[in-house]
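A.B. asks: Below are the sequence and a predicted model; questions follow.
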Amino acid sequence: MIKQNNLKQQLSLYLVMGSQNCKYDPVETLEKAIQGGVTFFQFREKGEGSKTGEEKIELGLQLKEVCYRHGVPFIVNDDLGLAIELDADGLHIGQEDGDMKKIKDSLKSHQLFGVSTHNVEEALEAHRIGVDYIGVGPMFNTTTKDDIEEVRGPVVIKEIREQLPDIPVVGIGGIKHDNASQVIEAGADGVAVISDITKAESVDESTKRIVEKSNRS
Ligand code: 3NM
């Protein structure tokens, strides 16, 4: 349904979030973030304090409902079973989350497949497998994820763009309103953000600020 055509546009502000990242209620946080301008959403219920089992499924259903009401794609992080069970719009995995090709083949044809990459080699491999989009990180320092790779910054996006001019790309890691434009200028179609939205005092204001600052114009 949402496959490909306007994917690059839809990736412009990608909120990645689980309940463990939120200052406020996660359903309210997502609602406010979408009002503020979020265009793509990934349910990443992972790490300390995150929900598991039925609670995770229940939260996923609620967040999916918010996305559907607003026409925002709902992507599940890591958990193929959950992506199928919730009939999500797609699945996003990291480099260590299993055999990429097998996972891609397990998805339904309408489901998008995104992969986290950190350098040109990983991006080329993801492209070879036929992923719909890639995340590239970390752009900047972050405390949200402990096991990040070396920070090389937006230059990695520039390098990937030289090899893969058309692949949909988002930058991730430490992106905030004051550095988002560097990621877009390096060639990304969008920015993926956790804490600058989920930990903000005002979720919608913080989201709007990122939208304003990351505009290409
Ligand atoms: N992946 P924040 S960095 C989920 O480098 C994730 O691949 C990364 O959180 C990568 O926006 C990251 O709060 C955390 O910095 C991003």
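C.D. replies: Everything's here; your move. Numbers count the residues shown, from 1 in each chain.

A.B. asks: contacts for the longest helix that the chain contains?
C.D. replies: Counting residues, the longest helix found in the chain (DSSP state H) is helix 53-70. With contacts defined as CB atoms under 8 Å, 6 or more residues apart in numbering, helix 53-70 is touched by 19, 26-27, 30-31, 34, 41, 43, 45, 50-51, 72-74, 76, 82, 85-86, 88-89. To be clear about C-beta, it is placed using only N, CA and C from the backbone, and glycine gets the same treatment.

A.B. asks: Now do the contacts for the residue of the chain found nearest the ligand.
C.D. replies: As assessed by CB to the nearest ligand atom, the ligand sits closest to G137 within the chain, at 2.5 Å. G137 makes contact with S116, H118, I148, E149, G171, I172, G173, A192 under the criterion CB under 8 Å, 6+ apart.

A.B. asks: taking the contacts of helix 53-70 one by one, which sit in helices?
C.D. replies: Of the contacts of helix 53-70, the ones assigned to helices by DSSP H are P26, V27, L30, E31, I34, L82, E85.

A.B. asks: residues near the fourth one, how many?
C.D. replies: Residues contacting E31 under the criterion other CB atoms under 10 Å number 19.

A.B. asks: Return the distance of it relative to I210.
C.D. replies: From E31 across to I210, the span is 17 Å (CB to CB, to the nearest Å).

A.B. asks: Which secondary structure elements does the helix or strand containing I157 sit against?
C.D. replies: According to DSSP states H and E, I157 maps onto helix 155-163. Packing partners of helix 155-163 (3 or more CB pairs under 8 Å, 6 or more residues apart in numbering; DSSP states H and E): helix 120-129, strand 133-136, strand 169-172.

A.B. asks: Go again with 10 Å.
C.D. replies: Helices and strands touching helix 155-163, by 3 or more CB pairs under 10 Å, 6 or more residues apart in numbering; DSSP states H and E, are helix 120-129, strand 133-136, strand 169-172, helix 180-185.

A.B. asks: What average pLDDT does the longest one get?
C.D. replies: Per-region confidence: helix 120-129 scores 97 on mean pLDDT.

A.B. asks: who touches that helix?
C.D. replies: Helix 120-129 is contacted from outside by 93, 95, 99-101, 103-105, 113-117, 131-136, 149, 156-157, 159-164, 166-167, 169, using CB atoms under 10 Å, 6 or more residues apart in numbering.

A.B. asks: Would you mark the buried spots in it?
C.D. replies: V120, E122, A123, A126, H127 (16 or more other CB atoms under 10 Å).
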